[in-house]
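Novice: Quick one: sequence plus predicted model below, questions after.
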Amino acid sequence: MKKRYSAWLLPILGIAVMIVFLFPLYWMIVTSLKPEGEIFQTPVTWYPHTIDIKSYTEQLSGSSYNIWNGFKNSAIIALGSLVIATVLAIPASYGLGRYKFPGSHIFLLLFLVTQMLPASLILTPLFILFKHLGLIGPTYWSTILANATMGIPFSVVTLRTYFAGLPKELEESAKIDGCGTIRTFFRIMLPIAMPGVVVVMVFSFLFAWGDLIYGMTFISKESMRPITAGIYTFLGFQSTSWNNTMAFGTVSIIPVVLIFIFVQKYIVSGLTNGAVKG
């Protein structure tokens, strides 16, 4: 009896959860296609009775905001943060996962704690640090480094489970064949953990792509700020152009959607393998 109920109950629950999570995305797209008058119409329309694509043509033409320049800025920041977070996290996670040393659990706990800290809490210390380093102003470096601090803890915790779950026989066989520690890492361990590396690369990119607070705070030149800062173009003092705002949001998430479409099998494989090994 329980198996019969679970056969249809679990799929229904899964569909319900999917609807809850996807409804904001659906509402954003629907609102972007409505004329301004229909958005505030009573009763609420659940789909656009009159499709208006003017808000999208304005986004792509750059008449109100240069969205292509915003894409470029966000790509520079996200890719820079991805490279720094991945390069630093891989050896750190390998050391925590494969070697036992005094205080290793404390290091892991510190990584977990820093991942839990909100960006607003570390914003002021980072601003003071970057100001003394001369990184506040028309430069991407402060924002890239700040976003890397978000990606590194997640990357270390995720990759550690991969390296900790790899059998010791692999290293022992490599040593017998004459491989040193560094060569064993690059030739054997890192390729096996590649699904996990792809996962942390994707999430490091997403952390930086969705950033707003660091880009607005550390970059003084408006034309160098990420695409997320462009949302303020449509937020007026007395009124807000909601269809343009929603169209801007829809267009700005296209790179994120494309990334998940092309690397979804690596993400699913990486997360499930890491969960089993951890």
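Specialist: Noted; the coordinates are in hand.

Novice: Identify the residues contacting the closest residue to residue 192 other than its chain neighbours.
Specialist: Of all residues not flanking residue 192 in the chain, residue 166 sits nearest, at 6.2 Å (C-beta to C-beta, 6 or more residues apart in numbering). The C-beta positions use only the backbone N, C-alpha and C, and glycine is treated the same way. For residue 166, the contacting residues are 98, 189, 192, 193, 277, by C-beta atoms under 8 Å, 6 or more residues apart in numbering.

Novice: 10 Å instead, please
Specialist: Residues in contact with residue 166 (C-beta atoms under 10 Å, 6 or more residues apart in numbering) are 94, 97, 98, 188, 189, 192, 193, 277.

Novice: In terms of helices and strands, where is the first one?
Specialist: Assigning secondary structure by DSSP states H and E places residue 94 in helix 67-98.

Novice: swap in residue 65?
Specialist: Using DSSP H and E, residue 65 falls outside every helix and strand.

Novice: and it, what are its phi and psi?
Specialist: phi -150, psi 130 (degrees, to the nearest 10).

Novice: that older thread, which of the contacts of residue 166 has the most neighbours?
Specialist: Among the contacts of residue 166, residue 193 has the most neighbours (other C-beta atoms under 10 Å), with 26 neighbours.

Novice: for the helix holding residue 94, which positions count as buried?
Specialist: By neighbour count on 16 or more other C-beta atoms under 10 Å, the buried set for helix 67-98 is 67, 70-71, 73-78, 80-82, 84-86, 89-90, 92-94, 96-98.

Novice: Equivalent analysis for stretch 246-265, please.
Specialist: Buried, per 16+ other C-beta under 10 Å, within stretch 246-265: 246, 247, 248, 249, 250, 251, 252, 255, 259, 263.

Novice: Which pLDDT value belongs to the residue nearest to the third one when sequence neighbours are not counted?
Specialist: Once flanking residues are discounted, residue 248 sits nearest to residue 59: 5.8 Å by C-beta to C-beta, 6+ apart. Residue 59 carries a pLDDT value of 74.

Novice: I would like the residues contacting the helix or strand containing residue 59, please.
Specialist: For residue 59, the host element (DSSP H and E) is helix 54-61. Outside of helix 54-61, the residues within contact range by C-beta under 10 Å, 6+ apart are 31-36, 53, 63-65, 67-68, 230, 234, 241-252.

Novice: switch the cut-off to 8 Å
Specialist: 32-33, 64-65, 67, 241, 243-244, 246-248, 250-251.

Novice: now that helix, how far from the centre of its chain.
Specialist: Offset of helix 54-61 from its chain centre (C-alpha atoms, centre = their mean, to the nearest Å): 26 Å.

Novice: Residue 208: what's it in contact with?
Specialist: Residue 208 sits next to 74, 77, 78, 80, 81, 82, 144, 147, 148, 150, 151 when contact means C-beta under 8 Å, 6+ apart.
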